[in-house]
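Novice: I would like to see how this sequence folds:
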Amino acid sequence: MEILKPEQYEEYENFVSRHSKGGFTQSALWRKVKNNWGFEAVVSRNQEGGIVGAVGVLIQTVPVIGTTFLYAPRGPVCDLHDEGVLLDLKAGVDEIAERYNAHEFRMDPEVLISDKRFLSIAEKMGFEHNYGPDGFEGIQARFNYRLYLNGRDEEELFANLTQGARRKIRIAMRSGVQVRPVGQEFLDDFVRIMQVTGERDGFNTRPKEYFVRMLDALKGYARLYMGFYQGVPVCGAVTVNYAGKCCYVYGASDNIHREVMPNYLMQWEMIRWAVETGCQVYDFQGISGDFQEGGHMYGLYQFKRGFNGQVDELAGEFNYVYQPFKRKLVDQAVNLKGKIPHKKRKTSRKGEESNENTPS
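Specialist: As a prediction, this is how the structure comes out:
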């Protein structure tokens with residue numbers, strides 16, 4: 001086990017960005033986005049010195065109580081069935097916990113709930129397993145809608161879309177909707193449209209400064225897409241292409257010109273980017289676990305389902321408690337204030353365009 005120094009983060013990044021379990025929230029670059037958190041990186045090495053496992057840990061100070069909360073979003077990055085590597089990485093997290101006086105460590109790895117082998121290993125290591133039926137009870141969504149590309153080209157993927165999705169993409173094309181990646185000069189338009197979507201669908205939105213940090217930190221991996229109708233911006237999205245996965249992270253649309261279906265064409269253009277860069281999967285990210293028609297987030301599921309992917313039910317969160325009494329105090333403070341300092345903000349309850357899937 002080794003806790004890396006910042007000058008070693010390039011080696012860490014090379015491993016995470018190439019691993020099948022890698023994701024942008026485990027990137028060392030993510031610490032620049034979450035600049036109100038601390039960050040440490042732990043690696044496990046083989047006998048030759050090569051990295052075989054890694055975990056990036058965000059560190060949030062809890063005021064008054066004086067402890068910290070440790071969180072590994074979509075970590076660790078390794079063979080999740082290799083108990084030796086997992087134990088080695090956990091030893092590094094334990095050292096970080098002692099250094100920062102942590103009351104709890106939480107992780108939500110890229111693992112399906114059907115993976116009984118990993119669940120058994122996590123239980124043996126002393127983790128509490130938490131998950132809920134809706135899928136939005138934790139920091140990140142537990143149900144993700146994903147389109148596995150499986151080496152298919154654009155023609156094959158387009159033919160695989162549902163008839164309704166193909167029709168709506170063609171409506172956008174015939175109507176003259178233009179979708180393209182743009183620079184940060186369009187962030188004011190994107191933030192304005194995001195605010196419109198938040199007001200319409202009932203969720204809080206992030207400030208422009210957050211998206212500036214995200215696009216700067218993940219330069220080369222993140223793109224801002226905008227959709228235009230008659231020269232006017234009508235929709236937008238921030239998408240991250242990292243470690244063989246193209247993830248639709250933030251999205252929004254205006255209240256006007258919805259009849260020309262700009263959001264369907266925007267999704268198609270982002271899928272095309274995933275194909276061009278050889279990704280294995282296009283991840284629409286979170287949906288509710290309630291698939292009943294008329295459910296509070298059924299519209300979001302219905303929109304994503306049109307692209308004919310599949311629902312992946314992830315295992316959820318795994319918590320390791322270092323200081324039970326302090327953790328109880330933190331939980332009580334959260335309940336009294338009605339605010340969870342390390343929880344994600346309220347997610348959209350409806351609307352085909354809304355996406356908010358990253359840790360606060």
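
Novice: which parts of the stretch 1-150 of the chain are strands?
Specialist: Taking DSSP state E, counting those that start in this stretch as the test, the strands found in the stretch 1-150 of the chain are 2-3, 38-45, 51-62, 67-72, 77-78, 102-107, 128-130, 143-148.

Novice: all the helices of the stretch 1-150 of the chain, in order from the start?
Specialist: 9-16, 30-33, 83-100, 116-124 (DSSP state H, counting those that start in this stretch).

Novice: how about the strands of the stretch 1-150 of the chain, which one is nearest G295?
Specialist: Proximity to G295 (CB to CB) singles out strand 143-148 among the strands of the stretch 1-150 of the chain, at 12.1 Å. Using the backbone N, CA and C atoms, a C-beta is placed for each residue, glycine as well.

Novice: sheet-wise, list the partners of that closest one with their directions.
Specialist: Strand 143-148 has the following sheet partners, assigned by DSSP bridges: strand 281-287 (antiparallel), strand 310-313 (antiparallel).

Novice: and those strands: which comes nearest M194?
Specialist: Using CB to CB, the nearest of the strands paired with strand 143-148 to M194 is strand 281-287, at 15.5 Å.

Novice: wait, doesn't Y248 sit right on G286?
Specialist: No - checked against CB atoms under 8 Å, the pair Y248 and G286 is beyond contact range at 9.9 Å.

Novice: quick one: which of the two has more around it?
Specialist: The neighbour count for Y248 versus G286, taken as other CB atoms under 10 Å, is higher for G286 (27 against 24).

Novice: who's that one bridged to?
Specialist: N144.

Novice: and if you look at V57?
Specialist: E40.

Novice: residue contacts, it?
Specialist: V57 makes contacts with F39, E40, A41, V42, L70, Y71, A72, G75, V93, I96, F105, as judged by CB atoms under 8 Å, 6 or more residues apart in numbering.

Novice: any idea how many residues pack against the residue nearest to I113 when sequence neighbours are not counted?
Specialist: The spatial neighbour of I113 that comes closest, neighbours along the chain excluded (CB to CB, 6 or more residues apart in numbering), is A315 at 4.6 Å. For A315, the neighbour count with other CB under 10 Å is 21.

Novice: check contacts around A315.
Specialist: D108, P109, V111, L112, I113, D115, F118, L119, H129, Y131, R142.

Novice: again, but for Y298
Specialist: S288, D290, F291, Q292, K350.

Novice: E154: which of the residues you listed is nearest?
Specialist: When those are compared for distance to E154 (CB to CB), F291 wins out at 28.8 Å.

Novice: skipping its backbone neighbours, what lies nearest that closest one in space?
Specialist: For F291, ignoring the flanking residues on the chain, the nearest one in space by CB to CB, 6+ apart is Y301 at 6.4 Å.

Novice: the one you found touches Y145, doesn't it?
Specialist: Yes - contact criterion CB under 8 Å: Y301 and Y145 qualify, at 7.1 Å.

Novice: what touches both of the two?
Specialist: Residues touching both Y301 and Y145 (CB under 8 Å, 6+ apart): I287.

Novice: angles on the backbone of V275, please.
Specialist: phi -70, psi -50 (degrees, to the nearest 10).

Novice: please report how far it lies from L149.
Specialist: Distance, V275 to L149, by CB to CB, to the nearest Å: 6 Å.

Novice: domain parsing for this protein?
Specialist: Here the domain parsing of the chain from automatic domain parsing is 2-140+314-322, 144-312+350-356.
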